[in-house]
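Undergrad: Turn this into a model:
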Amino acid sequence: MNQTCPQSSGIAPVVTVPPLTTALTLLFAVAVGVIIMNLVAPQPVIGVIQEALDLPPAWSGVIAMLPQLGYAVGLVLLVPLVDLLENRRLIVGILGCCALFLLGAMFATDKVLFLSAIFLAGATSSAIQMLVPMAAMMSSEAHRGRTIGNVMSGLMVGILLARPLASLITDFAGWRSMYAALGVAIGLLALLLARVLPQRYPQTGNKRDAHSYSGLLKSLWHLLRDEPVLRQRALTAALGLGAFSAFWTSIGLRLAQAPFDLSQKSIALFALAGAAGAVVAPLAGRCADRGWTRPLTVAAHGLMLLACLLAQYAGSNVGGALGIGLLALAAIALDAGVTADQTLGRHAINLLNPAARGRINGLFVAIFFIGGALGSVAAGAAWAHGGWHGVCAVIAAFCLASLLADFVARAGKRTRTLPAPQTGAGNHS
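TA: Model prediction:
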């Protein structure tokens with residue numbers, strides 16, 4: 001029988017948390033990878049869905065936007081609940097709702113019902129940011145970075161595999177089968193997590209955090225204001241995801257043109273190349289555990305910038321198999337840099353206030369998803385006006401801004417930590 005948290009005492013029951021085994025780490029990684037897929041899977045099959053539901057052409061972008069918009073809403077409105085309610089029951093319940101919404105999208109014949117279903121599925125996919133801090137909590141502090149890196153590998157692989165898998169499933173069995181597969185997979189995950197996740201009651205918050213839902217939402221501003229590490233890491237992650245989104249929003253358009261002239265199936269296979277960049281997540285986590293966050297952050301931002309330069313060169317001056325190979329190498333390097341930066345950022349924020357870990361993770365991801373949305377919008381405008389050169393300029397701007405933001409934050413930190421001047425001999429004013 002599940003324990004309940006006494007309402008009068010405000011003190012969470014003491015629950016023994018089992019150690020995080022390799023099998024559980026793998027389950028967390030698979031879970032977040034599967035859940036994240038429904039946010040990006042519709043992108044390569046928008047045209048098919050639009051035609052089937054008789055959506056106006058101007059609405060085509062809405063199909064890709066609504067799941068991500070819903071996700072951002074869920075990060076703000078649902079993720080803070082992990083600092084108020086018992087986590088296992090909350091995660092399982094929200095994932096169960098996500099599965100139902102995806103199955104609803106499969107059956108929907110009315111455009112409004114379909115769009116509502118994918119928006120709500122996106123919102124409930126925010127359970128990802130409940131699972132990541134739970135994995136961090138179950139891990140020892142000495143190995144927390146490694147754990148976050150391993151889980152983040154699953155997340156990035158899910159993002160990168162979603163597009164080609166969606167294309168293949170739709171080509172084989174139709175777009176509704178894609179939503180059926182996602183709904184069934186997330187439903188099975190919910191049942192499995194209900195059996196293996198430990199109970200976790202939120203810790204008592206600080207005096208400003210009222211023990212109520214409205215109090216938790218109000219505290220989000222205080223957390224953002226009072227935690228400079230959260231602001232810094234969220235900003236650089238947002239800029240990195242902006243570069244990532246700009247590249248992947250446009251690369252399919254470039255590959256479909258001369259001199260590459262790839263088919264949709266070939267473009268789907270190209271997307272698999274980026275998945276190789278996810279292998280750096282556990283490595284970045286181990287480096288963070290050893291205190292190498294600063295040099296690796298600089299290296300990650302530098303790698304992103306080099307990837308942009310390679311993409312510009314390969315996409316503009318090289319054709320054939322060599323050009324495709326160089327673009328794939330650029331994709332791997334860009335994804336590796338973005339993954340490393342996000343993993344280091346997650347490690348840093350999960351060492352902050354434990355009583356607010358859910359809200360901190362929600363804020364972190366909400367901010368960097370805003371960066372991703374801006375990257376997609378900027379890439380679309382750049383492609384329309386400047387083609388591949390314009391897109392690469394946008395990617396470079398995001399990468400340079402990320403590198404600059406890190407240096408400015410570090411310089412500000414050094415300034416704040418300088419000792420105050422001593423008064424006395426030799427100190428004249």
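Undergrad: Can you pull the poorly scored residue ranges out of the stretch 51-200 of the chain?
TA: 57-61 (pLDDT under 70).
Undergrad: And the helices in it?
TA: 60-77, 87-107, 111-124, 128-138, 144-173, 175-196 (DSSP state H, counting those that start in this stretch).
Undergrad: And residue 21, its phi and psi?
TA: Torsion angles at residue 21 (phi, psi; degrees, to the nearest 10) stand at phi -80, psi 170.
Undergrad: same check, this time on residue 258
TA: The phi/psi pair for residue 258 (degrees, to the nearest 10) is phi -70, psi 150.
Undergrad: so how many other residues sit close to residue 319?
TA: Using other CB atoms under 10 Å, residue 319 has 13 other residues around it. To be clear about C-beta, it is placed using only N, CA and C from the backbone, and glycine gets the same treatment.
Undergrad: so it sits right up against residue 259, yeah?
TA: Yes. The pair residue 319 and residue 259 qualifies as a contact (CB atoms under 8 Å) at a distance of 3.4 Å.
Undergrad: confidence score at the residue nearest the centre of the chain?
TA: Geometric centre of the chain, nearest residue: residue 365, 6.1 Å, by CA atoms, centre = their mean. Predicted confidence (pLDDT) for residue 365: 83.
Undergrad: Does it fall in a helix, a strand, or a coil region?
TA: Recorded secondary structure, residue 365: helix (DSSP: H, G, I helix; E, B strand; the rest coil).
Undergrad: show me what contacts it?
TA: Counting by CB atoms under 8 Å, 6 or more residues apart in numbering, residue 365 touches 75, 128-129.
Undergrad: Tell me the confidence at residue 425?
TA: 44.
Undergrad: can you state the direction angle for the one helix or strand residue 223 maps to and helix 60-77?
TA: Per DSSP states H and E, residue 223 falls inside helix 213-226. Counting by axes from the mean of the first three to the mean of the last three CA atoms, to 10 degrees, helix 213-226 points 100 degrees away from the direction of helix 60-77.
Undergrad: any idea which helix or strand comes after helix 213-226?
TA: Next helix or strand after helix 213-226 toward the C-terminus (DSSP H and E): helix 228-255.
Undergrad: What residues of that next one count as buried?
TA: 230-252, 254-255 (16 or more other CB atoms under 10 Å).
Undergrad: can you check stretch 316-333 too?
TA: Across stretch 316-333, burial judged by 16+ other CB under 10 Å covers 318, 323-324, 326-333.
Undergrad: Stretch 252-268 now?
TA: 252, 254-255, 260, 262, 264, 267-268.
Undergrad: Would you convert those into CSV that also reports pLDDT?
TA: As requested, these are exported to CSV (pLDDT from 0 to 100):
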residue, pLDDT
252, 77
254, 86
255, 85
260, 90
262, 83
264, 65
267, 75
268, 75
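Undergrad: Between which two of those is the distance greatest?
TA: Greatest spatial distance among the buried residues of stretch 252-268 (CB to CB): 254 and 268, at 14.9 Å.
Undergrad: re the thing from before, adding mean neighbour count, write the helices of the stretch 51-200 of the chain out as JSON lines.
TA: Converted to JSON lines, these look like this (neighbours: other CB atoms under 10 Å):
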{"stretch": "helix 60-77", "mean neighbour count": "20"}
{"stretch": "helix 87-107", "mean neighbour count": "21"}
{"stretch": "helix 111-124", "mean neighbour count": "21"}
{"stretch": "helix 128-138", "mean neighbour count": "24"}
{"stretch": "helix 144-173", "mean neighbour count": "23"}
{"stretch": "helix 175-196", "mean neighbour count": "19"}
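Undergrad: Let me know which of those is the nearest to residue 296.
TA: helix 144-173 (10.6 Å).
Undergrad: by how many degrees do that closest one and helix 175-196 diverge?
TA: Using the same axes, to 10 degrees: helix 144-173 against helix 175-196 is 150 degrees.
Undergrad: list the helices and strands helix 144-173 packs on?
TA: Counting contacts by 3 or more CB pairs under 8 Å, 6 or more residues apart in numbering; DSSP states H and E, helix 144-173 packs against helix 22-40, helix 128-138, helix 175-196, helix 264-271, helix 280-289, helix 320-349.
Undergrad: quick one: that helix to chain centroid distance?
TA: From the chain centre to the centre of helix 144-173 is a distance of 11 Å (CA atoms, centre = their mean, to the nearest Å).
Undergrad: Stretch 257-275 now?
TA: 23 Å.
Undergrad: Ok, stretch 99-117 next?
TA: 24 Å.
Undergrad: Export it to PDB, keeping only CA atoms.
TA: Extracted in PDB, the C-alpha atoms of stretch 99-117 (Å, rounded to 0.1, in the frame of the first residue of the first chain):
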ATOM      1  CA  ALA A  99      -0.900   7.600 -24.100                       C
ATOM      2  CA  LEU A 100      -4.600   8.300 -24.300                       C
ATOM      3  CA  PHE A 101      -4.100  11.600 -26.000                       C
ATOM      4  CA  LEU A 102      -1.900  10.000 -28.700                       C
ATOM      5  CA  LEU A 103      -4.500   7.300 -29.300                       C
ATOM      6  CA  GLY A 104      -7.100  10.100 -29.500                       C
ATOM      7  CA  ALA A 105      -5.000  11.700 -32.300                       C
ATOM      8  CA  MET A 106      -4.900   8.400 -34.100                       C
ATOM      9  CA  PHE A 107      -8.700   8.100 -34.100                       C
ATOM     10  CA  ALA A 108      -9.500  11.800 -34.700                       C
ATOM     11  CA  THR A 109     -11.200  12.700 -37.900                       C
ATOM     12  CA  ASP A 110     -12.000  16.300 -37.000                       C
ATOM     13  CA  LYS A 111      -9.100  18.700 -37.400                       C
ATOM     14  CA  VAL A 112      -9.900  20.600 -34.100                       C
ATOM     15  CA  LEU A 113      -9.900  17.300 -32.100                       C
ATOM     16  CA  PHE A 114      -6.700  16.200 -33.700                       C
ATOM     17  CA  LEU A 115      -4.900  19.400 -33.000                       C
ATOM     18  CA  SER A 116      -6.200  19.500 -29.400                       C
ATOM     19  CA  ALA A 117      -5.000  15.900 -28.900                       C
END
